[in-house]
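>>> The sequence and its predicted three-dimensional model are supplied below.
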Amino acid sequence: WQDIPSYPVEIKTTEHQMAITVPTHGKSVKAPYIFVSPKGSVKAGEPQTWKHEGSTLIFDLQRDEPDVFVQNGLVKLNQQDYIRFESHSDLLSEKHFNPSFSFLTALFFAFLGGVLLNIMPCVFPILTLKIVSLAKQKGKLAHQRAFHGLVYTLGILIAFLILATLIVSLQQTGMMVGWGFQMQSPAFLTIMTYVLFLVAMNLFGLVEFIIPLPIGHEEHPYSLKSSFMAGLLITLIATPCTAPFMAPAIGFALTQPMLVIYGVFIALALGLACPFLIISILPHLIAHIPKPGLWLIHFKQILAFPMLLSAVWLLWILMKTSSPNFVGAVMIGMTAIGFYLWFNHTYKKSKLRNRFIVLMTTAFLVFLPFTISSFKEATPAQVFKRSELDNFIEHHRPVLVNVTADWCITCKVNETLVFENAEVQSYLQNNKIAFYKVDWTKPNAEIAEYLQQFGRSGVPMVVFYRNTGDPMLLPQILTKQIFLDAIKN
């Protein structure tokens with residue numbers, strides 16, 4: 001029994017029914033059966049109904065005694081493969097997977113989170129310039145401007161559908177993925193660093209994009225193609241961010257069937273597209289946008305600096321997830337991009353041969369990081385061990401768990417304003433509350449499973465365990481007062 005692997009499960013209970021969702025981890029499913037303990041938690045002898053969805057197996061069972069809950073169990077997937085689950089994961093799931101969190105609630109939260117994504121540091125400069133670009137189209141008919149808003153929305157929708165498809169595909173292979181999982185990939189971080197750097201160079205006027213952004217000076221900057229590509233780009237730039245309300249919606253979606261996942265991601269996409277779409281449709285809002293002029297050139301150059309800071313932030317994350325040599329190669333690539341853009345801008349009439357040589361040299365230096373085989377740190381970070389956390393709980397000691405990541409801005413704000421605050425640290429020490437920091441900067445299946453026990457798919461997540469072992473999920477965005485009030489009450 002002890003040699004059988006143990007995994008967390010999700011349990012949803014009503015007055016008479018119980019649904020237990022079990023991860024299959026890529027194992028085949030044939031005539032499955034579930035054995036649960038203690039006696040009285042489910043009706044004995046009743047037929048078990050089940051359904052296989054993606055990488056999960058869902059059992060629908062009849063509850064027996066109202067005050068008896070499942071503590072542990074054994075699941076037979078096929079003739080050879082079994083998995084077991086222990087009481088701690090079961091109890092957490094029963095208390096925190098709220099059946100009242102419906103599909104409609106998830107859609108509303110996702111839409112609201114998408115709207116709030118527009119004020120994130122990476123997204124806001126691009127959205128602002130997209131809105132300003134409408135001022136140059138005041139001479140167009142209202143339906144033409146509205147069509148640009150619809151095409152921009154279509155670009156965002158397609159990008160989110162691609163992201164949802166990728167997450168569903170990875171789930172079906174047995175991987176534990178959530179929102180922000182791509183930030184754990186050095187290759188993705190490198191591409192995003194280059195993209196943000198190029199956007200900053202565009203805002204400085206050193207390069208004019210043929211595609212994604214209608215913010216340059218090229219002859220046809222306001223084509224429908226440009227609006228569509230702007231939607232794709234703004235989604236790509238938004239993926240590192242997690243706005244309020246997003247975490248519970250996405251966490252709920254990733255434990256549901258595939259159609260629910262797509263529905264929540266579509267709501268998130270519509271929320272992200274909503275501000276620009278509304279402004280493009282309503283002519284009286286466009287009338288309040290200032291006419292472009294010299295101020296716009298200076299304004300664009302000012303907005304380039306947040307994009308550069310975002311690129312530096314990604315480099316800092318890359319230092320945590322890869323080797324110093326890899327980060328150095330990326331910085332060489334950024335320097336090469338800057339040199340080529342300067343060369344092309346300064347020597348516009350240079351011979352084609354010279355331009356070709358410079359372009360090929362730049363391309364080599366840009367792709368240099370992808371030739372480096374070592375992505376690992378010289379000194380790996382401390383690995384999360386569930387057994388250490390369980391040890392605190394078993395000894396009836398209160399524990400504060402902070403699940404964080406270096407690429408999570410909200411996490412860093414919480415740490416600076418709350419967990420590093422002298423009054424908070426004094427309170428934790430005086431009340432003998434253990435502080436356990438869980439770092440999800442790099443992929444870790446055990447941490448992903450721990451997040452899913454609380455219906456979450458991303459960070460930050462802060463959990464307080466009372467000395468009785470009962471967990472309490474705290475808000476994602478914390479202040480000192482909110483934190484202390486929650487702990488004291």
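Happy to help now that I have it. Keep in mind that this is a model prediction, so the values were computed, not measured.
>>> can you give me the strands in the stretch 1-150 of the chain?
For the stretch 1-150 of the chain, strands defined by DSSP state E, counting those that start in this stretch occupy the ranges 10-13, 17-23, 33-37, 49-53, 56-62, 72-76, 82-85.
>>> do you know which of the ones you listed lies nearest Pro248?
Pro248 lies closest to strand 10-13 among these, at 14.6 Å (CB to CB). Placement of C-beta: from N, CA and C, glycine included.
>>> and the closest one, which strands flank it?
Applying DSSP bridges to the sheet, strand 10-13 is found paired with strand 17-23 (antiparallel).
>>> Report the rounded mean pLDDT for the strand it pairs with.
Mean per-residue pLDDT for strand 17-23: 79.
>>> Which of the strands of the stretch 1-150 of the chain sits closest to Val401?
The nearest among the strands of the stretch 1-150 of the chain, by CB to CB, is strand 10-13 at 18.9 Å.
>>> How far away from the center of its chain is the closest one?
Centroid displacement of strand 10-13 relative to its chain, using CA atoms, centre = their mean, to the nearest Å, is 24 Å.
>>> likewise stretch 481-489?
27 Å.
>>> one step back: worst mean pLDDT among the strands of the stretch 1-150 of the chain?
If you rank these by mean pLDDT, strand 10-13 sits at the bottom with a mean of 72.
>>> So which bits of the longest helix seen in the chain are buried?
Longest helix in the chain, counting residues (DSSP state H): helix 142-172. For helix 142-172, burial by neighbour count (16 or more other CB atoms under 10 Å) applies to 145-157, 159-160, 163-164, 167-168, 171.
>>> Next, count neighbours for the closest residue in space to Leu254 that isn't next to it in sequence.
The shortest distance from Leu254 to any non-neighbouring residue, by CB to CB, 6 or more residues apart in numbering, is to Ser457 (4.7 Å). Number of residues near Ser457 (other CB atoms under 10 Å) recorded here: 27.
>>> again with the one 10 residues further on
Burial of Asn467 is recorded as 15 neighbouring residues (other CB under 10 Å).
>>> In what element of secondary structure is the closest residue in space to Leu285 that isn't next to it in sequence found?
Nearest non-adjacent residue to Leu285, counting by CB to CB, 6+ apart: Ile279, 4.9 Å away. Assigned by DSSP states H and E, Ile279 falls within helix 258-281.
>>> what about Leu309, helix or strand, and which?
Using DSSP H and E, Leu309 falls within helix 294-321.
>>> following that helix, which helix or strand shows up next?
helix 324-346.
>>> Using neighbour counts, pick out the buried residues of that following helix.
In helix 324-346, counting by 16+ other CB under 10 Å, buried: 326-327, 329-330, 333-334, 336-338, 340-341, 343-344.
>>> Now do it: which elements does it pack against?
On a contact count with 3 or more CB pairs under 8 Å, 6 or more residues apart in numbering; DSSP states H and E, helix 324-346 meets helix 186-204, helix 294-321, helix 352-366.
>>> For it, what is the distance to the chain centroid?
For helix 324-346, the distance to the chain centre is 28 Å (CA atoms, centre = their mean).
>>> what angle separates that helix from helix 186-204?
Comparing the axes of helix 324-346 and helix 186-204 via axes from the mean of the first three to the mean of the last three CA atoms, to 10 degrees yields an angle of 30 degrees.
>>> Using CSV, write out the CA atom coordinates for helix 324-346.
Below are the C-alpha coordinates for helix 324-346, written out as CSV (Å, rounded to 0.1, in the frame of the first residue of the first chain):
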residue,chain,number,x,y,z
PRO,A,324,24.7,33.3,-16.1
ASN,A,325,26.1,32.4,-19.6
PHE,A,326,22.6,32.2,-21.0
VAL,A,327,21.6,35.6,-19.6
GLY,A,328,24.9,37.1,-21.0
ALA,A,329,24.1,35.7,-24.4
VAL,A,330,20.6,37.3,-24.3
MET,A,331,22.1,40.7,-23.4
ILE,A,332,24.6,40.3,-26.3
GLY,A,333,21.6,39.6,-28.6
MET,A,334,19.8,42.8,-27.3
THR,A,335,22.9,44.8,-28.0
ALA,A,336,23.1,43.3,-31.5
ILE,A,337,19.5,44.3,-32.2
GLY,A,338,20.2,47.8,-31.0
PHE,A,339,23.3,48.0,-33.2
TYR,A,340,21.4,46.8,-36.3
LEU,A,341,18.5,49.3,-35.7
TRP,A,342,21.0,52.1,-35.2
PHE,A,343,22.9,51.1,-38.4
ASN,A,344,19.8,50.8,-40.5
HIS,A,345,18.4,54.1,-39.2
THR,A,346,21.7,56.0,-39.6
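>>> got the angle for that helix vs helix 294-321?
Angle of helix 324-346 versus helix 294-321, following the same axes, to 10 degrees, is 160 degrees.
>>> Helix or strand: which one has the residue nearest to Leu254?
Going by DSSP H and E, Ser457 is not part of any helix or strand.
>>> so it touches Gly251, yeah?
Yes. Counting by CB atoms under 8 Å, Ser457 does reach Gly251; the two are 4.5 Å apart.
>>> And for the closest residue to Thr193 other than its chain neighbours, the neighbour number?
Excluding the flanking residues, the one nearest Thr193 by CB to CB, 6+ apart is Leu314, at 4.5 Å. Per other CB under 10 Å, the neighbour tally for Leu314 reads 25.
>>> rewinding a little: need the helices and strands packed on helix 324-346 in a markdown table (columns: distance to Asn414).
Below are the helices and strands packed on helix 324-346 laid out as a markdown table (distance: least, CB to CB, whole Å):
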| stretch | distance to Asn414 |
| --- | --- |
| helix 186-204 | 22 |
| helix 294-321 | 17 |
| helix 352-366 | 35 |
